[in-house]
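# When you get a sec, could you give me coordinates for this:
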Amino acid sequence: MNYLVKLIISICFVTFLSANDIKKEYESVTDRIIRSLDTDSLGYKRLAYLCDMFGPRLSGSKNLEKAIDWIIREMKNDGLSSVRGERVKVPTWIRGKESLKILVPFEKDLNVLGVGGSVATPKGGIRGEIIVVDSFEELDRNKNNVKGKIVLYNVPFTSYGETVQYRYDGPNRAADYGAIGSLIRSIGPWSMDTPHTGTMGEYKSIKKIPHASITMEDAMMISRIYNRGQKVVVKLNMQGKFVSDRWSRNIVADFIGSKYPEEIIVLGGHIDSWDVGQGAHDDAGGCVAAWRAVTLIKELGLKPKRTLRIVLWTNEENGGRGNKNYRDEHKAELDNHILAIESDGGVFAPKGFGFTGSVDARKIIFDIADLLDPIGAGKITKWGRAADVAPLNDEGVPVMSLNVDGSKYFWYHHTEADTFDKVDFREFNNCIATMAIMGYVIADMDMILPR
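Next up, the predicted model:
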């Protein structure tokens, strides 16, 4: 039976499917999965090992490739099928040494992190007076005072989507008015003297200027001094540079379906991270949760009708080449990709999923989500287009993104503080359970999830 015929049957079947039917059929399996994770520590231990033994995993780094080697070995030991690394050429930015020091009105070394993709300062660094602005509009109003200075965007965090524009476009806007460098207040709601990094947009201005992040505390201090009418002079030194693209890999592994092996449900996250901290919540936790969700299903002796595929994408952080490569490598089988689930928001207490797909599919997802209520993860919202599943969604594949309690995510995101000790055992295991239950039910239902 081809996909189109099965899809037509499934759409008709949606009318007769009820939440009680799904609950009755899968409640006992759900209970088994949740209970097994009360004491299961394999995923948690693997996450600790990944973080501690390989450290941060920026695209193009040896750390990342060694981590990929280890994961592939372990997945083969798990008895998964067709475990492989699919090669991807990735951009490679190297941070080098960095320093920032206040010279006037007093001397003080500050914590600084270059924004990914920034150019270096000239050898020996740059020395300049700071001009503080709290928005691009204020920069525009003060454009005649910018030339030859270093712009500091002291912009309080509202939401990531809104505030991150200063990380993306800050150097272009400042350079257009003659600035010699730009600094941003770290993009986050909380800090313990922890600057935040991340990628910037492409340079558009004729002059490329260095771009770096400082801590919330230092940004506010400099702003207070500046607002008193006191001159602030700093010296910035950065060595960041791009080198030639290097080879990396997406990790792909299958647990083959018992009845419709050609039909695929993807669970995954991105294995690369920034070059600070350990990338524990962003996104080693999401990767290991997806991995453990599938192997747990296998260990429990469950045999879903469709194939569960683990995909750990490379280069999400500073290029997005991994997700595009997966789409292109698997173009011929995308009609048989039933659903793609991504975890890339941290592994805090799960709340449910965002979903992007058809109205008929959404009805089914809502009914399945009732099974997740015992662990507080039964809420379905709109928008499942996380970065690595978005290219699949562009090809018509329904997608989901794990939603968690995000109140602390941006405390650690892209900082030295994103380390394993911030991961709670119970919350992490509930993330595994949430992905395992949703993935298993979609893979095992008699009906196909309609597009």
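# nearest residue to R246 other than its sequence neighbours?
In this structure, R246 finds its nearest non-sequential neighbour in G60, 4.3 Å apart by C-beta to C-beta, 6 or more residues apart in numbering. Where C-beta positions appear, they are placed from N, C-alpha and C, glycine not excepted.
# from memory the one you found sits against S244, does it?
No. The pair G60 / S244 is not scored as a contact, 9.2 Å apart, by C-beta atoms under 8 Å.
# quick one: pLDDT of the residue nearest in space to the middle of the chain?
In the chain, the residue lying closest to the centroid (C-alpha atoms, centre = their mean) is D344, at 3.9 Å. In this model, D344 is scored at 98, pLDDT.
# list the contacts for it?
The contact partners of D344, taken as C-beta atoms under 8 Å, 6 or more residues apart in numbering, are 269-270, 282-283, 286, 316, 386-388, 401-402.
# same thing but at 6 Å, please
Listed by C-beta atoms under 6 Å, 6 or more residues apart in numbering, the contact partners of D344 are 269, 283, 286, 386.
# Am I right that it sits in a strand?
No. Using DSSP: H, G, I helix; E, B strand; the rest coil, the secondary structure at D344 is coil, not a strand.
# Quick check: the gap between it and A387.
Going from D344 to A387 by C-beta to C-beta, to the nearest Å gives 7 Å.
# Show the subsequent helix or strand relative to the helix or strand where K23 lies.
Using DSSP states H and E, K23 maps to helix 19-36. On the C-terminal side of helix 19-36, the closest following helix or strand by DSSP H and E is helix 42-54.
# What residues of that next one count as buried?
With burial defined by 16 or more other C-beta atoms under 10 Å, the residues of helix 42-54 counted as buried are 42-44, 46-48, 50-51, 54.
# Just the angle for the helix or strand following it relative to helix 42-54, thanks.
Tracing the chain C-terminally past helix 42-54 and defining elements by DSSP H and E, one meets helix 62-77 next. Using axes from the mean of the first three to the mean of the last three C-alpha atoms, to 10 degrees, the direction of helix 62-77 lies 150 degrees away from that of helix 42-54.
# what helices or strands is helix 62-77 leaning on?
helix 42-54, strand 81-94, strand 241-255 (3 or more C-beta pairs under 6 Å, 6 or more residues apart in numbering; DSSP states H and E).
# in that helix, what counts as buried?
In terms of neighbour count (16+ other C-beta under 10 Å), helix 62-77 has its buried residues at 63-65, 67-68, 71-72, 74-75.
# cool, and stretch 418-426?
The neighbour-count check on stretch 418-426 (16+ other C-beta under 10 Å) flags 418-420, 422-423 as buried.
# and that stretch, how far apart are its ends?
As for stretch 418-426, its first-to-last residue distance stands at 18 Å under the measure C-alpha to C-alpha, to the nearest Å.
# now that stretch, how far from the centre of its chain.
The gap between the average C-alpha position of stretch 418-426 and the chain average comes to 16 Å, counting by C-alpha atoms, centre = their mean, to the nearest Å.
# Need the residues that contact that stretch.
Counting by C-beta under 6 Å, 6+ apart, stretch 418-426 makes contact with 44, 48, 51, 277-282, 285, 412, all of which sit outside it.
# distance between the helix or strand harbouring Y166 and the chain's centre?
Here Y166, judged by DSSP H and E, is contained in helix 165-175. Using C-alpha atoms, centre = their mean, the distance from the centre of helix 165-175 to the centre of the chain it belongs to is 22 Å.
# what's next to that helix, contact-wise?
By C-beta under 6 Å, 6+ apart, the residues outside helix 165-175 that reach it are 115, 136, 139, 151, 153, 155, 182, 184, 187, 198, 200-201, 204-205, 207, 209, 211.
# show me where the stretch 101-250 of the chain has strands.
Counting by DSSP state E, counting those that start in this stretch, one finds strands in the stretch 101-250 of the chain at the ranges 108-110, 112-114, 126-133, 150-153, 181-185, 211-214, 233-238, 241-255.
# For N227, which of those is the nearest?
N227 sits nearest to strand 126-133 of all the strands of the stretch 101-250 of the chain, at 7.5 Å, using C-beta to C-beta.
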